[in-house]
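[1] give me coordinates for this.
(6 chains)
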4 protein chains.
Amino acid sequence: MARVTEEHIEARRRSILEAAARVFGECGIASATMADIADAAGISAGAIYRYFPSKQDLAHACFKEGAAQIADLWGQRAAESPDPMAAFYAVAAQSFEDLGTPEAAAHTRIMLENFLEVTRSGDQPLRDAANSEHRHIIRGLASMLYAVQSSGRLPEAVNANHLAEALYAFWLGARIVRMLDPEFDTDAQLAAVSSLMIAAAPSA
Amino acid sequence: MARVTEEHIEARRRSILEAAARVFGECGIASATMADIADAAGISAGAIYRYFPSKQDLAHACFKEGAAQIADLWGQRAAESPDPMAAFYAVAAQSFEDLGTPEAAAHTRIMLENFLEVTRSGDQPLRDAANSEHRHIIRGLASMLYAVQSSGRLPEAVNANHLAEALYAFWLGARIVRMLDPEFDTDAQLAAVSSLMIAAAPSA
Amino acid sequence: MARVTEEHIEARRRSILEAAARVFGECGIASATMADIADAAGISAGAIYRYFPSKQDLAHACFKEGAAQIADLWGQRAAESPDPMAAFYAVAAQSFEDLGTPEAAAHTRIMLENFLEVTRSGDQPLRDAANSEHRHIIRGLASMLYAVQSSGRLPEAVNANHLAEALYAFWLGARIVRMLDPEFDTDAQLAAVSSLMIAAAPSA
Amino acid sequence: MARVTEEHIEARRRSILEAAARVFGECGIASATMADIADAAGISAGAIYRYFPSKQDLAHACFKEGAAQIADLWGQRAAESPDPMAAFYAVAAQSFEDLGTPEAAAHTRIMLENFLEVTRSGDQPLRDAANSEHRHIIRGLASMLYAVQSSGRLPEAVNANHLAEALYAFWLGARIVRMLDPEFDTDAQLAAVSSLMIAAAPSA
DNA sequence: GATGAATGAGATTTCATTCAT
DNA sequence: CATGAATGAAATCTCATTCAT
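    Model prediction:
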């Protein structure tokens, strides 16, 4: 089985990563065993170590993968949409809805586990990586809000940057509660926030 | 005599619970060992089993304990304050600030671990317990907002219930990001939200 | 089984150490498994870790134990014997004979494995420990030879110190070859060395 | 064509053997991995199995190789030198000095590992092979001593055969201690032994 | 009632070896 | 023939839990 193409190797790496995300999401990083992941990926446990040096590295790779996907989601939608405010609603609504899929739910859980590990271990590079992820999204959100403010639909008295942070926090918190409580109506919450912003818009 | 014994038992139970919260918060539930907890509580590992049937039960008891404390915080402050809106700011600001203390940080982490376990295990009673906790807080928040709305400082177009949920989500998400990123300025975010609500207030 | 006496613990430690020496001697440190040692000691593998933090530490403890026994042997005999030269023959002959016992053979093998590890790892403290052992014996040997030289039975032209080192090297090498080759006649060699020294004695 | 292939095969075999000796000497047989050896030999791990059926066989081949080199050393020098006693000093001094080179140090270590395995496994052919090696050297040494004795420089009372064995043991032991302890002055020891033999020489 | 030594069931990780390419 | 990805069988070490003292 030697002399395999580069793509084959990359594909194997990805399939391990996907299996790991699935299993980690289901069982938690600590409880999941390498054997579980190997089974899910259809290979032997030992084979994983050709692609990832340790369970911890595999978990980190899963986290980065998930973070990249989330960042993509925000970046893509923001670029697509002509109305910046609508983009926020679209992305938020989309990601809330995605929570129903096992992948997105798993990613949310892995992200939280990563958060827990980072705040506990005090590993600064890891912390920086985690921070840069949310800062990236907040920056995007803030630039949306600046555009809204420029168009006169957000009062000057509101600090766009800080509101972007608050919206990010809302989005993160809502995802969490929503996973726990399916009756937690994220769409209605989005609508409430929206109506608040409309009400706050300087009357033309 | 029996009375004294019972008190003694309860005191022992509490000291174990406190030690467990401390250790679970620091190390994570999976990594913490019963020996760690026993050391922190100043007893032997075997003795814990007289008070809690298993590590898992001990962890559940910690969750409940933490949830009760958070609920107390909200209930107490809300009752104290004459101005409902101010109460929200006070509690939120207080809890953001508390994140600097090891106890509050540990509680936040334990709550998240609880969340993770609940969404994974599908254990309905546990899920209900977790849900009832945030619903309790949201109810309090909603009644504050109704009061604000009644006083004419919040537009009728905004659904107070859903806004309460959104504020709760914001509060939860902000606590999380703040633990990761000390530069995440929760006070400024509260101010931004506040200024938005003021701007949205029906002009007298 | 708690609240065991200090002696019981020490006894358990010793029984593990003895079992380990037996098994390490038989199989080699690398090949021996903790399960083998646990079986030999009549306990579970996990229990060993209460007494020794790792397999490596256990191996080192075995080595030190063996070294201490050897040093005792030299020290004791040297003190007992009025004739220093006879003491050397006695100790050497004794230790050559001992090679027939499993314990002594095991110790010789463990010592060699320790030597191999030390020269490979470059761990200086370990190296120092190993060196101090043979230096101790050589010092004893040298003081014997000085006494012999003082009594005029060894020419002044011979450096007693260096001859002591040579005798130590001979003793070590002979033990090794003897284990390999039962026909290697260590007594005859001792006699040959002895006759050489007698021949070298300044004629009265 | 067939001839070329055969030479090629032999060359490959030798390069693997050399790489294995290097790696085994550095890491020890148990710790060395087939991958390490393959890297050192510049081939793939799987290819080794075309030349040697198993790791153990490879190790045995290394032993034999090392033994042959040592025997060569003694045979060559002994033949070269007109004065047999000088030959012993030359070979011994040379091999002590060589211990500074990685190759010679590796050979000494491999020899010891071989010794350990042989005395443990009870594999008689292996034991015989190891024995025949030192007997070969001892025979050479003994014939030197006979020559010395014939020339009247060694008393008849000394058994040349047994003294040869003792010198061999000294040489082996000194090599070992010297590797551990660089301050172990093998030249001075040789000189001490030499002075003892001179003193023992029947006064003309 | 408390203790802590012991158990025993894994979990991660490593490699010799094989064999499809 | 060589390659090196994959296997699968350990081996070390960790802990929740039990129970003799």
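
[2] which strand or helix spans the spatially most central residue of chain A?
    Centroid-nearest residue in chain A, with CA atoms, centre = their mean: A:I70, separated by 4.0 Å. With secondary structure defined by DSSP states H and E, A:I70 is part of helix A:55-80.

[3] how far off centre is that helix?
    Distance, stretch centre to chain centre, for helix A:55-80: 6 Å (CA atoms, centre = their mean, to the nearest Å).

[4] which elements pack onto it?
    Helix A:55-80 sits against helix A:6-27, helix A:84-98, helix A:102-121, helix A:124-150, with contacts defined as 3 or more CB pairs under 8 Å, 6 or more residues apart in numbering or on different chains; DSSP states H and E. Every C-beta, even on glycine, is put in place using the N, C-alpha and C of the backbone.

[5] mind putting those in TSV, distance to DNA strand E, mean neighbour count and mean pLDDT included?
    Below are these laid out as TSV (distance: least, CB to the nearest atom of the strand, whole Å; neighbours: other CB atoms under 10 Å in any protein chain shown; pLDDT from 0 to 100):
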stretch	distance to DNA strand E	mean neighbour count	mean pLDDT
helix A:6-27	9	17	92
helix A:84-98	28	18	82
helix A:102-121	14	20	88
helix A:124-150	16	18	87
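
[6] wait, isn't A:I176 in contact with A:T108?
    Yes. Contact criterion CB atoms under 8 Å: A:I176 and A:T108 qualify, at 7.2 Å.

[7] any part of the helix holding A:I70 near DNA strand F?
    No. Shown here: helix A:55-80 not in contact with DNA strand F (CB under 7 Å from any atom of the strand), separated by at least 13.0 Å.

[8] mind listing what A:I43 touches?
    Each residue near A:I43 by CB atoms under 8 Å, 6 or more residues apart in numbering or on different chains is listed here: A:R12, A:I16.

[9] got the phi/psi numbers for it?
    The phi and psi values for A:I43, taken as degrees, to the nearest 10, are phi -130, psi -180.

[10] these two touch, right, A:T119 and B:D181?
    No. The pair A:T119 / B:D181 is not scored as a contact, 10.0 Å apart, by CB under 8 Å.

[11] about what we covered before: who's in contact with the residue nearest to the centre of chain A?
    Taking CB under 8 Å, 6+ apart as the contact definition, A:I70 lies against A:S95, A:H107, A:E133, A:I137.

[12] tell me the SS of A:R153?
    coil (DSSP: H, G, I helix; E, B strand; the rest coil).

[13] burial measure for it, as a count.
    Residues lying near A:R153 (other CB atoms under 10 Å in any protein chain shown) number 17.

[14] hmm, back to that, from the contacts of A:I70, pick the one nearest DNA strand F.
    Proximity of those to DNA strand F was ranked by CB to the nearest atom of the strand; the top entry is A:H107 with 25.1 Å.

[15] might you report the residue contacts of the residue lying closest to the closest one once chain neighbours are set aside?
    Distances taken as CB to CB, 6 or more residues apart in numbering or on different chains put A:G66 closest to A:H107, at 3.8 Å, once the chain neighbours are dropped. Applying CB under 8 Å, 6+ apart, we find A:G66 in contact with A:A21, A:H107, A:I110, A:M111.

[16] same question for A:A87.
    Counting by CB under 8 Å, 6+ apart, A:A87 makes contact with A:R77, A:A78, A:E80, A:S81, A:M144.

[17] quick one: end-to-end distance for stretch A:37-50.
    With CA to CA, to the nearest Å as the measure, stretch A:37-50 spans 14 Å from end to end.
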